[in-house]
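Colleague: Structure for this input, please:
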Amino acid sequence: MTGIAAISTSAVTEPSPALTHGRRVAVQRISVTDYRNYTHASFRPQGANVVLTGANGAGKTNLLEAVSFLAPGRGLRRVRLDEVARKDSSDDATVRSWAVAVQVDGDAGPVDIGTGLDPDHQGVRERRVVRVDGAPEKNQGVLAEHIAVVWLTPQMDGLFIDGPGERRRFLDRLVYVSDAAHAGRVTAYEKAMRDRARLLSEHGARADAGWLDALEGVMVEKGMSVAAARRDMIGSLRVFIAGCEGPFPQAEISLSAGPDAWLDEMPALAAEDKYRELLRADRMRDASDGRTSTGPHRTDLLVRHADKAREAADCSTGEQKALLIGLVLAHARMQAAEQGRRPVILLDEVAAHLDEDRRQALFDMLCDLDTQVWMTGTDPALFAGMQGRARFFTVADGAVNEQTT
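Modeller: Numbers count the residues shown, from 1 in each chain. Next up, the predicted model:
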């Protein structure tokens, strides 16, 4: 069968009432146009959990990526917007205006959200548009007002051994779920930092002091807010990590020394003054080094395996994966209890790396969380434990068809 099959009328079991805090925000329907390997495809999860199966390269992860664009940023692959556009062949240089459109069951009922590459991009690769109920929005931050999305992908398997930038981005995505303005603060801080670096690089000691003061003022204001939000997330998450029992190891989490730590040592205004003084004192060194020496852009998320008292980077690949899953589950519990909102969770090829007992435990915990979960895999048998608790779709040849048996 080509195209999209009719939605099955088979029943999907209601989630366990073990966790009933908060509201469940979920995707009801989704369509993609000129997106990766899809000319056009649409299907209706109807708010249920989603299992996507198919051969490698069929486009399962592409659909998860499409959902990830419901969060501010560059999606789960962190790519340029023009890279997402469908190409007919490997030498096709055409940059099409791809689009993702979803209906989300939100706070006040269904809301239609659309995002994609600006159809009037005219060669501009990074102009993303967002529409809510047909009305254009000025920035991506509005997305977080309607839906929250977090994800785990195979590319994140090296999170604990990669550089601190990946761990910062992982932490920031957790913060976005509860603080929609965080993305804007991070963007404003990074822009001011780049502008300061450019000014110092071009003019050195002759750089306009007033302009540097203004840029550093933005960095202090936005940067300390970013640091405070990350610090608050770590503090809240620790509580729910400690209270989360199951087969996934507990993590000890903290932030490396820097502006985040200053907030534990002094009042916020004193921390801002300290940062402002450091930026001013470091101007010539930063001009010489070509980078900003101090700030939340250098913060690292530190993770240890609590039971084994071992740094996550020194744990086995399987232990690192389990630690990541444990963090995502604890975060979902925290959001339900504290924010009254459950994030949509995207799990790409996670089940294949778990033994049967841990895989079943993961399914049970996800269903108890009562959050919408999207999972991918090549073998439908891996998801037997989700039968009756999810809608199953087969992905092949640029089409998505619901499994009716």
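
Colleague: got a pLDDT number for residue 124?
Modeller: Here, the pLDDT recorded for residue 124 equals 57.

Colleague: what does residue 156 give?
Modeller: Model confidence at residue 156, expressed as pLDDT, equals 91.

Colleague: Same check on the one 4 residues further on?
Modeller: Note for residue 160: predicted pLDDT of 96.

Colleague: Kindly report the same for residue 6.
Modeller: Residue-level confidence at residue 6 comes out at 26, pLDDT.

Colleague: try residue 108
Modeller: 68.

Colleague: next one: residue 342
Modeller: Predicted confidence (pLDDT) for residue 342: 82.

Colleague: OK, contacts around it?
Modeller: By CB atoms under 8 Å, 6 or more residues apart in numbering, the contact set of residue 342 is 22-25, 148, 332, 335-336, 369-372. No exception for glycine: its C-beta is placed from N, CA and C like everyone else's.

Colleague: repeat for residue 246
Modeller: The neighbourhood of residue 246, defined by CB under 8 Å, 6+ apart, consists of 326, 329, 361, 365.

Colleague: how close does the last one get to residue 358?
Modeller: Taking CB to CB, to the nearest Å as the criterion, residue 365 is separated from residue 358 by 10 Å.

Colleague: Show me what residue 102 is bridged to.
Modeller: Residues found in beta-bridge contact with residue 102 (criterion: DSSP bridges) are residue 30, residue 113.

Colleague: burial measure for it, as a count.
Modeller: Taking other CB atoms under 10 Å as the criterion, the count of residues near residue 102 is 23.

Colleague: Tell me where this structure has helices.
Modeller: Secondary structure of the chain (DSSP state H): helices located at 60-68, 81-84, 164-178, 182-203, 209-242, 259-265, 268-281, 283-289, 317-334, 356-369.

Colleague: Mean neighbour count, the ones you listed: which tops it?
Modeller: For the helices of the chain, average neighbour numbers computed from mean count of other CB atoms under 10 Å are highest in helix 60-68, which has a mean of 25.

Colleague: who's in contact with that helix?
Modeller: Residues from elsewhere that reach helix 60-68 (CB under 8 Å, 6+ apart): 27, 30, 32, 35-38, 52-54, 75-77, 84, 100, 102, 149, 151, 153, 344, 346, 348-349, 374, 376-377, 395, 400.

Colleague: which stretches of the chain have low pLDDT?
Modeller: Regions of the chain meeting the criterion pLDDT under 70 cover residues 1-23, 89-93, 107-108, 121-125, 405.

Colleague: run the last query once more with 50
Modeller: 1-21 (pLDDT under 50).

Colleague: Can you give the domain ranges for it?
Modeller: Here the chain is described, according to automatic domain parsing, as comprising the domains 1-146+343-405, 149-342.

Colleague: can you give me how far the first one is from the chain middle?
Modeller: Just to be clear, that refers to domain 1-146+343-405. Relative to the centre of its chain, domain 1-146+343-405 is centred 13 Å away, using CA atoms, centre = their mean, to the nearest Å.

Colleague: Same question for the last one.
Modeller: When distances are taken as CA atoms, centre = their mean, domain 149-342 is centred 14 Å away from the chain's centroid.

Colleague: Ends of it, what's the gap?
Modeller: Between the opening and closing residues of domain 149-342 we find a distance of 9 Å, counting by CA to CA, to the nearest Å.

Colleague: Please apply the same query to stretch 52-67.
Modeller: The straight-line separation of the ends of stretch 52-67 (CA to CA) is 13 Å.

Colleague: cool, stretch 50-63 as well?
Modeller: 11 Å.

Colleague: For that stretch, list every residue counted as buried.
Modeller: Using 16 or more other CB atoms under 10 Å as the burial criterion, the residues of stretch 50-63 that qualify are 50-54, 58-63.

Colleague: what's the distance between the nearest residue to residue 171 once chain neighbours are set aside and residue 252?
Modeller: Across the structure, with CB to CB, 6 or more residues apart in numbering as the measure, the residue nearest residue 171 apart from its sequence neighbours is residue 301 (4.9 Å). Distance, residue 301 to residue 252, using CB to CB: 11 Å.

Colleague: Of these two, which one has the most company?
Modeller: Summary of the neighbour comparison: residue 301 and residue 252, criterion other CB under 10 Å, with residue 301 having more neighbours (24 against 16).

Colleague: Show me the beta-bridge partners of that one.
Modeller: On DSSP bridges, the residues paired with residue 301 through beta bridges are residue 255.

Colleague: which residues does it contact?
Modeller: Counted by CB under 8 Å, 6+ apart, residue 301 has contacts 164, 167-168, 170-171, 253, 255.

Colleague: possible to save these as a markdown table with distance to residue 141?
Modeller: Conversion of the contacts of residue 301 to a markdown table gives the following (distance: CB to CB, whole Å):
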| residue | distance to residue 141 |
| --- | --- |
| 164 | 24 |
| 167 | 22 |
| 168 | 18 |
| 170 | 19 |
| 171 | 18 |
| 253 | 26 |
| 255 | 24 |
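
Colleague: quick one: which of those residues is nearest to residue 196?
Modeller: Using CB to CB, residue 168 is the member of these that sits closest to residue 196, with 19.2 Å.

Colleague: quick one: residue 262 and residue 277 touch, right?
Modeller: No - when contacts are counted by CB atoms under 8 Å, residue 262 is not listed as touching residue 277 (11.9 Å).

Colleague: Surely residue 402 is in contact with residue 53?
Modeller: No - with contacts defined as CB under 8 Å, residue 402 does not count as touching residue 53, sitting 11.4 Å away.

Colleague: So for these two, which residues contact both of them?
Modeller: By CB under 8 Å, 6+ apart, residue 402 and residue 53 have these common neighbours: 392-394.

Colleague: Quick check: end-to-end length of stretch 337-355?
Modeller: Terminal residues of stretch 337-355 lie 30 Å apart, using CA to CA.

Colleague: Over to stretch 393-402?
Modeller: With CA to CA as the measure, the ends of stretch 393-402 fall 4 Å from one another.

Colleague: What residues does residue 71 make contact with?
Modeller: With contact taken as CB under 8 Å, 6+ apart, residue 71 is in contact with 143-144, 147-149, 173, 176.
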